[in-house]
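Visitor: Need a 3D model of the sequence below.
(one chain, ligands or ions: 1)
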Amino acid sequence: MLFLLSLKRIFIFRNHKFNIVGDVMGIEEEIRRIEEELKKTPYNKATQKHIGRLKAKLAKLREQAQSRGGGGGGKGYAVKKSGDATAAFVGFPSVGKSTLLNKLTNAKSEVGAYAFTTLTIVPGILEYKGAKIQLLDAPGIIVGASSGKGRGTEVLSAVRSADLILLTVDIYTLDHLPVLEKELYNVGIRLDQTPPDVKIKVKERGGINVSSTVPLTHIDEDTIEAILNEYRIHNADVVIREDITLEQFIDVVAGNRVYIPSLVVVNKIDLADEEYLKYIKQKLEEFGKDYILVSGNKGINLDLLKEKIYEKLGFIKIYLKPQGKKPDFDEPLIMRRGATVKDVCEKLHKDFVRNFRYAQVWGKSAKHPGQRVGLDHKLEDGDILTIVIKR
Ligand SMILES: Nc1nc2c(ncn2[C@@H]2O[C@H](COP(=O)(O)OP(=O)(O)OP(=O)(O)O)[C@@H](O)[C@H]2O)c(=O)[nH]1
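Guide: Model (predicted):
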């Protein structure tokens, strides 16, 4: 009897295990099959709808694969965000990420190791021009992460919440750049793009209605409908204000995409001679992203790297002026471009938004000196701000 019971248990266990493995394999195989088909299908008016449907399917499968891998979608972020913004080094092992992180973050700053299951993400603080920038050194496990392999998905989910991505390679591994970009793309990270200007309002009935304020040269209505149907949306009003691609439309429908600026950091420049340097620069021009050549070990261009990181993060300085007093020009508040009065209130004190009466602004964003504004007012670099709260 006991023997039979344990046999049964083993059988159930095996079966269960087999199902999970079988599912993951099934998804990966399906992803590969669709990728193959996409490669073979030329893109033209006649195939556009079919390609749209395939790409939507692919996007859905990738999401499934990642959720099975235990990461993806903003889950499992084990590093506490701190400072005014976060920049993450992303790259293969041994390109010099930890060296750069150690050189850029000052010795006084706290560098702690946070357990990340079997991995570690090391944060450090770079202080530059009054801004505190959290730098993350994500371990170099990237390839395959988007299909849920290894524990790379957990790292990528930390990267998803960064404000700047530093695509890091060394002078011998420039061909990693498209690989890194693709892996990030597959986990929903869009580098150097803005969210497409598309609104989709799902309705109860009435079919799909598409209206656009500009001519659409990459996607037609049939394709839009096919993609929506793939996501089980059969009734919706779609308003498009930009000449978007098919991929951008899928991004909007799928949601859960993050739009992050990037900077290519090429390390170990000390090892390149004149001729090789020329080759590197040409390769980087072809890749088309903003880049910087550095050496972590030899300390070449590290100040320039700090400046670039600062610039890319789009910091602005706001000078606070207590009511009836002089502005504080010594310690400006460091905010990000696009920040509103509400963002400033939130940074200053948790009760400021609730108790807010009005604000006054002097500077670029003000129509006239001392303009009275509300919480939604967008600030500009160098503005002087007075916040008046209820007593
Ligand atoms: N020549 C040269 N070597 C460097 C430079 N920066 C780092 N290295 C060397 O490259 C090797 C890898 O550096 P790490 O900083 O450990 O690289 P990593 O990208 O953090 O690697 P993982 O921790 O494995 O992800 C070390 O032996 C460094 O000394 C550089 O600017 N020039």
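Visitor: If you rank every helix and strand of this structure by mean pLDDT, what lands last?
Guide: strand 114-116 (a mean of 43; mean pLDDT, DSSP states H and E).
Visitor: Look at the residue nearest to residue 297 when sequence neighbours are not counted and tell me its secondary structure.
Guide: Of all residues not flanking residue 297 in the chain, residue 99 sits nearest, at 6.2 Å (Cβ to Cβ, 6 or more residues apart in numbering). Glycine gets a C-beta too; all of them are placed from N, C-alpha and C. Here residue 99 is recorded as helix under DSSP: H, G, I helix; E, B strand; the rest coil.
Visitor: what's the pLDDT at residue 99?
Guide: In this prediction, residue 99 carries a pLDDT score of 88.
Visitor: List the residues that contact it.
Guide: Shown in contact with residue 99 (Cβ atoms under 8 Å, 6 or more residues apart in numbering): 267, 296-297.
Visitor: By neighbours, which of the residues you listed wins?
Guide: Using other Cβ atoms under 10 Å as the neighbour test, the contacts of residue 99 are led by residue 267, with 28 neighbours.
Visitor: coming back round to it: just checking, which of the contacts of residue 99 belong to strands?
Guide: Under the assignment DSSP state E, the contacts of residue 99 contribute residue 267 to strands.
Visitor: Surely residue 379 touches residue 317?
Guide: No. Contact status for residue 379 versus residue 317: not in contact, 9.9 Å apart, counting by Cβ atoms under 8 Å.
Visitor: And the two? Which one has more around it.
Guide: Shown here are residue 379 and residue 317; by other Cβ under 10 Å, residue 379 has more neighbours (27 against 18).
Visitor: Report pLDDT for the more buried one.
Guide: pLDDT for residue 379: 97.
Visitor: Pull up the gap between it and the ligand, please.
Guide: Per Cβ to the nearest ligand atom, to the nearest Å, residue 379 is found 37 Å from the ligand.
Visitor: what do you get for residue 300?
Guide: With Cβ to the nearest ligand atom as the criterion, residue 300 and the ligand are 7 Å apart.
Visitor: Bridged to that residue, which residues?
Guide: Residue 300 forms beta bridges with residue 295, as assigned by DSSP bridges.
Visitor: and it, how many neighbours?
Guide: 16.
Visitor: tell me the strands in the stretch 201-350 of the chain, going along the chain?
Guide: Counting by DSSP state E, counting those that start in this stretch, the stretch 201-350 of the chain has strands at residues 208-212, 236-240, 258-260, 262-267, 291-293, 315-320, 333-336.
Visitor: Can you tell me which of those strands is most buried?
Guide: Of all the strands of the stretch 201-350 of the chain, strand 262-267 carries the top mean neighbour count, a mean of 24, counting by mean count of other Cβ atoms under 10 Å.
Visitor: Correct me if wrong: residue 199 contacts residue 239.
Guide: Yes. Counting by Cβ under 8 Å, residue 199 does reach residue 239; the two are 4.6 Å apart.
Visitor: returning to what we had before: can I get the contacts of residue 99 in CSV including distance to the ligand?
Guide: Listed next are the contacts of residue 99 as CSV, based on distance: Cβ to the nearest ligand atom, whole Å:
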residue, distance to the ligand
267, 5
296, 4
297, 4
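Visitor: Let me know the closest of the contacts of residue 99 to residue 252.
Guide: Set against residue 252, the nearest of the contacts of residue 99 by Cβ to Cβ is residue 267 (36.0 Å).
Visitor: circling back to that earlier point, where do the contact lists of residue 379 and residue 317 overlap?
Guide: residue 335.
Visitor: end to end, how far does stretch 41-48 reach?
Guide: Using Cα to Cα, to the nearest Å, one end of stretch 41-48 lies 10 Å from the other.
Visitor: Report the buried residues of it.
Guide: residue 48 (16 or more other Cβ atoms under 10 Å).
Visitor: same deal with stretch 175-182?
Guide: By neighbour count with 16+ other Cβ under 10 Å, stretch 175-182 contains the buried residues 176-177, 180-181.
Visitor: Go through these and name the one nearest the ligand.
Guide: The ligand lies nearest to residue 176 out of these, by Cβ to the nearest ligand atom, at 11.3 Å.
Visitor: what residues are up against that closest one?
Guide: By Cβ under 8 Å, 6+ apart, residue 176 lies in contact with 91-92, 95, 169.
Visitor: So for those, which is the shakiest by pLDDT?
Guide: Within these, residue 92 has the lowest pLDDT, namely 84.
Visitor: Verify the stated contact: it with residue 169.
Guide: Yes. At 7.4 Å, residue 92 counts as touching residue 169 under the criterion of Cβ under 8 Å.
Visitor: Between those two, tell me which one has more neighbours.
Guide: The neighbour count for residue 92 versus residue 169, taken as other Cβ under 10 Å, is higher for residue 169 (25 against 17).
Visitor: Just give the nearest non-adjacent residue to that one, would you?
Guide: Nearest one to residue 169, counting by Cβ to Cβ, 6+ apart, is residue 176 at 4.9 Å.
Visitor: sorry, back to before: redo the strands of the stretch 201-350 of the chain as TSV? Include mean pLDDT.
Guide: Formatted as TSV, these follow (pLDDT from 0 to 100):
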stretch	mean pLDDT
strand 208-212	94
strand 236-240	96
strand 258-260	95
strand 262-267	98
strand 291-293	97
strand 315-320	95
strand 333-336	93
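Visitor: one step back: so can I have CSV of the buried residues of stretch 175-182 showing distance to residue 310, pLDDT and secondary structure?
Guide: Shown next, in CSV, are these (distance: Cβ to Cβ, whole Å; pLDDT from 0 to 100; DSSP: H, G, I helix; E, B strand; the rest coil):
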residue, distance to residue 310, pLDDT, secondary structure
176, 25, 92, helix
177, 23, 95, helix
180, 23, 90, helix
181, 23, 92, helix
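Visitor: Intersect these with the contacts of the ligand.
Guide: Filtering the buried residues of stretch 175-182 for proximity to the ligand by Cβ under 6 Å from any ligand atom leaves nothing.
Visitor: quick one, helices of the stretch 201-350 of the chain?
Guide: 221-230, 246-254, 274-287, 302-312, 341-348 (DSSP state H, counting those that start in this stretch).
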